[in-house]
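A.B. asks: I'd like to go over a predicted model; first the sequence, then the structure.
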Amino acid sequence: MKGGKLIIFSAPSGSGKTTIVRHLLEHDDLNLAFSISATSRPRRGKEKNGEHYYFMSLSEFKNHIKHDDFLEWEEVYRDNFYGTLKSEVERLWAEGKNVIFDIDVVGGLRIKKKFPDQTLAVFVKPPSVDELKIRLKKRSTESDDKINMRVAKASVELATAPQFDKIIKNYDLDTALVEAKELVAEFIKSDK
Ligand code: 5GP
């Protein structure tokens, strides 16, 4: 597998990485396409199959693992598997796109390791773990239990930040959006 560039945004849940990724996708000059991940977690709110995720059962997901269909996969939360299908990246590269990922820190670093030269790995840093909790509660898409599980994981995830190519502080969303656009535009222009 080789092709265009890969742009990874990783961060603890609630850091705002999804908002940043959606914003970048609106810039046609960046020629980005979103890598739709596969997941075994249930659909949330208005999420659509084949748009936000490829939703599948746990056994379907495990079958893909068995057939080595994933570029990377992770049991991000218990029984909630997430993964990037090789076929997804190949599909987007065939369209001549640069691929952008919204994935967890372990998956992000794994892809960076596989494609070191063509990947920009960005970590989005929230102001604090307390602030993360407030943001997740405001989003109110999950139960308190699930929110606590995500917050508990955040400290471990924050410790991986130095392994990324770049860190964007999302203390103020508008500033983070401008910074993200500049970083990605520069990487895409470079000969790497
Ligand atoms: P959510 O359930 O909030 O959509 O996602 C939970 C976490 O899983 C987020 O950190 C998200 O970025 C991550 N994630 C989504 N897709 C993938 C993937 O394909 N691989 C990995 N490793 N993590 C993913």
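C.D. replies: The structure has been received and is ready for your questions.
A.B. asks: excluding chain neighbours, what is closest to Tyr77?
C.D. replies: Spatial nearest neighbour of Tyr77, chain neighbours left out: Met149 (5.9 Å); criterion: CB to CB, 6 or more residues apart in numbering. From N, CA and C alone the C-beta is placed, and that goes for glycine too.
A.B. asks: again but with Arg43, I slipped
C.D. replies: Spatially, and ignoring its direct neighbours in sequence, Arg43 is nearest to Phe55 (5.5 Å; CB to CB, 6+ apart).
A.B. asks: how about the contacts made by that neighbour?
C.D. replies: Counting by CB atoms under 8 Å, 6 or more residues apart in numbering, Phe55 touches 39, 41-43, 47, 49.
A.B. asks: what's the burial count for the residue of the chain found nearest the ligand?
C.D. replies: Nearest residue of the chain to the ligand: Gly107, at 2.3 Å (CB to the nearest ligand atom). The number of residues packed near Gly107 is 22, by other CB atoms under 10 Å.
A.B. asks: quick check: it is in a helix.
C.D. replies: Yes - looking at Gly107 with DSSP: H, G, I helix; E, B strand; the rest coil, it is inside a helix.
A.B. asks: in contact with it, which residues?
C.D. replies: Per CB under 8 Å, 6+ apart, neighbours of Gly107: 10, 72-74, 82-84, 101.
A.B. asks: 6 Å instead, please
C.D. replies: 72, 74 (CB atoms under 6 Å, 6 or more residues apart in numbering).
A.B. asks: what helices or strands is the longest helix anywhere in the chain leaning on?
C.D. replies: Identified as the longest helix of the chain according to DSSP state H is helix 173-189. Applying 3 or more CB pairs under 6 Å, 6 or more residues apart in numbering; DSSP states H and E, we find helix 173-189 packed against helix 17-25, strand 166-169.
A.B. asks: repeat that with 7 Å
C.D. replies: Contacting helix 173-189 under the criterion 3 or more CB pairs under 7 Å, 6 or more residues apart in numbering; DSSP states H and E are the following elements: helix 17-25, strand 119-125, strand 166-169.
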